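1. Compute the structure for the input listed below.
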Amino acid sequence: MTTAPHVPRFGVNYTPTRGWFHHWLDFDLDAVRADLDSVAALGLDHVRVFPLWPLFQPNRTLIRPRAVEQLARLVDAAGERGLDVAVDGLQGHLSSFDFLPSWTQTWHRRNLFTDPDVLDGQAAYLRTLAGALREKPNFLGLTLGNEIDQFSGDPHPDPDRITPEQAEAWLRRMLAACEEGAPGRLHLHASYDAAHYLDAHPFTPWHSARIGAATAVHSWVFNGTAQRYGAGSTATAQHAAYLVELAKAWADDPARPVWLQEVGAPAPHIAPEDAARFTGATLEAVLDCPDLWGVTWWCSHDVDRSLADFPELEYGLGLLTTDRTTKPAGARLAGAAAEARRTWQPPKPRTTAVVIAAGDEVTAPHRSICGPGGAVFEAFMHLTREGARPTTVLAEHAEDRAHLDARGITEVVHPEGVRFP
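-> Next comes the predicted model:
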C-alpha cells in the first residue's frame, strides 16, 4: 500500500470579481492580478481557471490568438504570486449556464462527442491551449472541460446522447491532444457525480478512475445529501471524503491520486453562517483519505449580484467577497492549509472496505446503490459514524487477496451485512 508522501495541494476555482467568466470579453489584467493577490493571501498554492470555449474558438478553424495570449498572461500573473494553474478547456458548462460554440448548435447541430469535424476542432483547440502553456513552470495541466459529461445524457434538457464506449473513445482522443500539446503534465477529465450515482450515465466511474493522469471528483451536497440527512449530519460532512474513497474502487493503480477538484458550501443547504464549520468538517474528513492529490474549493470570489439569473446558491459560494474580503470559510480553509503544511503525516490505509455490486465493471449499470440513500452510501456512513474509516471495493475484487493487500484492506463488508440501530 502506497500513500501520498506530499502535502495535499490547496487551491480555488477562480471566479473573477469583475464580470465573472465573461471577463474574457473585456480582459483586465490589473483586475485579475488583484483577484490573484487576494487568493495568494490565503496561503493557497493553485487556481483552476476557465476559458469560455465559444470566445476562444468562435469558428471550428479559428482559435483566437489574442484569447490564448490572455490566458497565458493570466498564468504568468498567477506564477508571479506563487500560484500554479490548472486550465479547463471546453467550457462548456459553468454554474448552470451552457457555453457552446455556434458551430455545434441549431443549424450546425452536431454531436459534441462523436461528430468527426467537431472532434477535430476540439482536439485542435485543446492542443493549442496546452502548447501555448507548455513552457510555463506553473502550468499544471489541462482538464478537458468542466463537467462536460453533463451534455451526454439526462438530466440535461438537450443532450448529445452517446454510449459508454463512445465516451471512452472521446476521452482518449482529447487527452491525447492535450499530451501532444504539453507532454507529461497533469491532464485529466472531470465529471459531476452522475458518473458515480446515475445508472445509465454514459460517463462511468471506470472512466474516471482509469483514464487521465488522476481521478477528479466534484462534491456537491445539494445533490440530495444535505436535504436527506441534514446540514450537520455525518453524511454531509463526509460526502467529499466518500467520493474520494468511492472513486478508488474502480482504479487499477492502488496509489492513483484523487483530486477533489470541486467542493463548496451551497446555501441554503449549508446556511451562510454555517459555511465555515462545514468547510472545516469537510477538510478534516477528506484529509484523512490516502492518496489525495489536493482540494480545490469552489470558489475564489462571490458572484456579483448585478449579474442576473444565476441560481441563488451560486452568488455566495466564494471564499472571498466581490470586494476581495476574506469570509469565515476562506479563513477556515487558509488555516487548514497552513496546519497541514506544518504537521502533515500521510493517512494510514483504510482497512475496511464496503463492497460495491454495481454490475459490469466498466458500465456500472447499478451504480445508484452508491448515491445518497443507496445501500453502499448508507453502509459507508454508518460505519463512519461508528468510528471506522471505510473505503470501497468492487465485488469483483472483494476476494482478490493481491488487490486487497495492495490497498491495505484487511476486512470487506457487504452493505447488507452492516447492522443499523
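2. List the contacts of the closest residue in space to Ala285 that isn't next to it in sequence.
-> Leaving aside its sequence neighbours, Ala285 sits nearest to Ala241 (Cβ to Cβ, 6 or more residues apart in numbering; 4.0 Å). The C-beta positions use only the backbone N, C-alpha and C, and glycine is treated the same way. Shown in contact with Ala241 (Cβ atoms under 8 Å, 6 or more residues apart in numbering): 282, 285-286, 288-289.
3. switch the cut-off to 10 Å
-> The contact partners of Ala241, taken as Cβ atoms under 10 Å, 6 or more residues apart in numbering, are 219, 260, 281-289, 292, 350, 380, 384, 389-391.
4. Narrow those residues to those in strands?
-> 219, 260, 292, 390-391 (DSSP state E).
5. I'd like the residues you listed written out as CSV, with distance to Asn13 and neighbour count added.
-> Below are the ones in strands among the contacts of Ala241 laid out as CSV (distance: Cβ to Cβ, whole Å; neighbours: other Cβ atoms under 10 Å):
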residue, distance to Asn13, neighbour count
Ser219, 13, 24
Leu260, 11, 27
Leu292, 17, 24
Pro390, 28, 26
Thr391, 26, 24
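6. At which residues are the helices of the stretch 1-150 of the chain located?
-> 29-40, 53-56, 65-80, 116-133 (DSSP state H, counting those that start in this stretch).
7. quick one: contacts of the first one?
-> So the one you mean is helix 29-40. 11-12, 14-19, 23, 28, 45-47, 49, 70, 73-74, 76-83, 85, 300-301, 319-326, 330.
8. out of those residues, which are buried?
-> Restricting the contacts of helix 29-40 to buried positions leaves 11-12, 14-19, 23, 45-47, 49, 70, 74, 77-79, 81, 83, 85, 300-301, 319-322, 324, 326, 330, with burial counted as 16 or more other Cβ atoms under 10 Å.
9. re earlier: of all the helices of the stretch 1-150 of the chain, which one is nearest Ala182?
-> helix 116-133 (3.8 Å; Cβ to Cβ).
10. What residues of that closest one count as buried?
-> So, applying 16+ other Cβ under 10 Å, buried residues of helix 116-133: 118-119, 121-130, 132-133.
11. still on that earlier bit, Ala398: which of the helices of the stretch 1-150 of the chain is closest?
-> helix 116-133 (38.0 Å).
12. can you give me the offset of the closest one from its chain's centre?
-> 21 Å (Cα atoms, centre = their mean, to the nearest Å).
13. swap in stretch 325-333?
-> So, by Cα atoms, centre = their mean, the centroid of stretch 325-333 is 21 Å from its chain's centroid.
14. Please report how far the one residue sitting closest to the centre of the chain lies from Asp154.
-> Centroid-nearest residue in the chain, with Cα atoms, centre = their mean: Gln261, separated by 3.2 Å. For Gln261, the distance to Asp154 equals 23 Å [Cβ to Cβ, to the nearest Å].
15. same deal with Glu273?
-> Glu273 is 35 Å from Asp154, by Cβ to Cβ.
16. higher neighbour count, the two?
-> Neighbour tally, Glu273 and Asp154, criterion other Cβ atoms under 10 Å: the higher count belongs to Asp154, 12 against 9.
17. Not counting its own residues, what contacts stretch 57-65?
-> By Cβ under 10 Å, 6+ apart, the residues outside stretch 57-65 that reach it are 24, 51, 55-56, 67-68, 70, 89-90, 101-104, 108, 110, 117-118, 120-122, 124-129, 132.
18. and stretch 91-104, how far from the chain's centre?
-> 18 Å.
19. So what's the model's average confidence on that stretch?
-> Averaged over stretch 91-104, pLDDT sits at 96.
20. any residues touching stretch 270-279, and which ones?
-> Residues outside stretch 270-279 that contact it (Cβ under 10 Å, 6+ apart): 221-222, 226, 231-232, 236-237, 263-267, 269, 281-282, 297, 313, 316-317, 319, 327-333, 335-336.
21. Assign Ala241 to one of the three secondary structure states.
-> Classification of Ala241 by DSSP: H, G, I helix; E, B strand; the rest coil places it in helix.
22. Show the model's pLDDT score for it.
-> If you check Ala241, the pLDDT there is 98.
23. wouldn't the residue nearest to the centre of the chain be in contact with Val217 here?
-> Yes. Using Cβ atoms under 10 Å, Gln261 is in contact with Val217, at 6.8 Å.
24. Next, show the common contact partners of the two.
-> Ala190.
25. tally of neighbours for Val68?
-> Number of residues near Val68 (other Cβ under 10 Å) recorded here: 19.
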